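J.: Give the three-dimensional model of this entry:
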Amino acid sequence: MKKTLFAFMLLAAGMCVYALGSNDSKAAESAGPRPAWAKSADEVTGVVTIYTTFEETQQQIILDLWNKLYPKCKVEIVADSVGTLVTKIRADASSKADCIVGGMFAADGTKYHDVLQPYTSTVENEQLFHDKSGYYTYWDVQLMCLVVNPKILKNLGVTVKGYQDCLNPKLKGKIILADPAAASSGWRQLQTMLACMGDTFDDAKGWAYVEKIMGQSFKTNSSKDVFNLVNEGEYAVGLSYESTPAGIISLGGAVMEIVYPVEGNTAMASGGAVCKNSPNLTAAKAMIDLCASKEFQDERAKIFGRPTNSRCKPTNMPPTDSFKLIELDHAYLSKNKDKMLEHWNDLWAKVKGR
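T.: Just a heads-up that it's a prediction; the model follows:
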């Protein structure tokens, strides 16, 4: 289990990993009946480059399935936060990115459309969530959480059950959160805090809470830093997304625990898309189809994740309807994201400049 946990830690700094698919035709023979949604093995060849927010375990699930279906196509992986990945694509016309896997949310609107192209998956009719614009394909429903290090909390004499508890003076400097301008989980946490801690979304009361927790916290550009550094004992509490920390815990050897804020939560579909200048468009589309498939989502759900494919088996995570979910206005978030992030940056400068 220590090896498994170490594998999750390898990407904590947003490093790039390159993984190559198998060229062994025997891999395809062991795949069993070919899914109806899959392209033929002879149609998908060459190299497909995926830019992804997935950590190593999720990458391996993709690679295992891909190598069975498409042994003639190698996979190259570049892993980082979605903000960094999109910046790389925008800055480098020769990035060779074929698709973005992960980090694309229902409330993103047109924010990333300049680097993407529309694509409708071959299993779109099986999905519970759909992008009206036709750009994004979803395969996960993301809830938010707090990750806590119980040993540190015990030493501090602090109990954390939700957002309000994070304002305990004993936790000052012992909380880590992701920058919402750099990491999708940070943006989702900002949405959730504003939804749960205000009287109405994006009101003064909600932002007053955000300002207070800023005074307690350290900021990182990486979603992975949040749960990794809590697990390693550098911080007592982290504001995180749910799935990957839950996966690390389920595989054993983790110190951290997950706490779902008593004040409430928000849920949002997430997934990926095909890049506008994809060098291997056929393979890019095949990759998106794979991620949207029952086969991938079932394998992922064995460890973590809430599937969007209606044919998937139930996940072992707490049922979504067991949470006090607050509905988000996706159109409002898309329209006001830049304004809200600017307000966040101004508040952060104000708080840290005191």
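J.: quick one: secondary structure of the closest residue to residue 164 other than its chain neighbours?
T.: The shortest distance from residue 164 to any residue that is not its chain neighbour, by C-beta to C-beta, 6 or more residues apart in numbering, is 6.8 Å, and that residue is residue 263. Yep, even glycine has a C-beta here, placed from its N, CA and C like the rest. For residue 263, the reduced secondary structure class is coil; criterion used: DSSP: H, G, I helix; E, B strand; the rest coil.
J.: pretty sure residue 263 contacts residue 196?
T.: Yes - judged on C-beta atoms under 8 Å, residue 263 makes contact with residue 196 at a distance of 4.2 Å.
J.: The two: who's more crowded?
T.: Per other C-beta atoms under 10 Å, whichever of residue 263 and residue 196 has more neighbours is residue 196, with 22 against 18.
J.: The stretch 151-300 of the chain: strands as residue ranges?
T.: With DSSP state E, counting those that start in this stretch as the criterion, the stretch 151-300 of the chain has strands at 175-178, 217-220, 237-241, 257-259, 267-275.
J.: Restrict the first one to CA atoms and write it as PDB.
T.: Meaning strand 175-178. Taking only C-alpha atoms (Å, rounded to 0.1, in the frame of the first residue of the first chain), the coordinates of strand 175-178 have been written out as PDB:
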ATOM      1  CA  ILE A 175      -4.800  25.200   6.700                       C
ATOM      2  CA  ILE A 176      -4.000  24.900   3.000                       C
ATOM      3  CA  LEU A 177      -6.200  25.700   0.000                       C
ATOM      4  CA  ALA A 178      -5.800  25.800  -3.800                       C
END
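J.: What pairs with that strand, parallel or antiparallel?
T.: Partners of strand 175-178 in the sheet, by DSSP bridges, are strand 217-220 (parallel), strand 237-241 (parallel).
J.: can I get those strands in TSV with distance to residue 273?
T.: Output for the strands paired with strand 175-178, formatted as TSV (distance: least, C-beta to C-beta, whole Å):
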stretch	distance to residue 273
strand 217-220	25
strand 237-241	19
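J.: Let me know which of those is tucked in deepest.
T.: The densest packing among the strands paired with strand 175-178, expressed as mean neighbour count by mean count of other C-beta atoms under 10 Å, is seen in strand 237-241 with a mean of 28.
J.: residues making contact with it?
T.: Surrounding strand 237-241, the residues in contact under the criterion C-beta atoms under 8 Å, 6 or more residues apart in numbering are 142-149, 153, 160, 166, 171, 174-178, 184-186, 188-189, 217, 223, 226-227, 229-230, 256.
J.: quick one, what contacts residue 190?
T.: Here residue 190 is in contact with 180, 210, 340, 344 (C-beta under 8 Å, 6+ apart).
J.: Mind putting the strands paired with strand 175-178 into a markdown table with mean pLDDT and distance to residue 350?
T.: Conversion of the strands paired with strand 175-178 to a markdown table gives the following (pLDDT from 0 to 100; distance: least, C-beta to C-beta, whole Å):
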| stretch | mean pLDDT | distance to residue 350 |
| --- | --- | --- |
| strand 217-220 | 98 | 14 |
| strand 237-241 | 97 | 19 |
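J.: Out of those, the one nearest residue 134 is which?
T.: Closest of those to residue 134 is strand 237-241, at 25.4 Å (criterion: C-beta to C-beta).
J.: Run the angle between that closest one and strand 267-275 for me.
T.: Angle of strand 237-241 versus strand 267-275, following axes from the mean of the first three to the mean of the last three C-alpha atoms, to 10 degrees, is 60 degrees.
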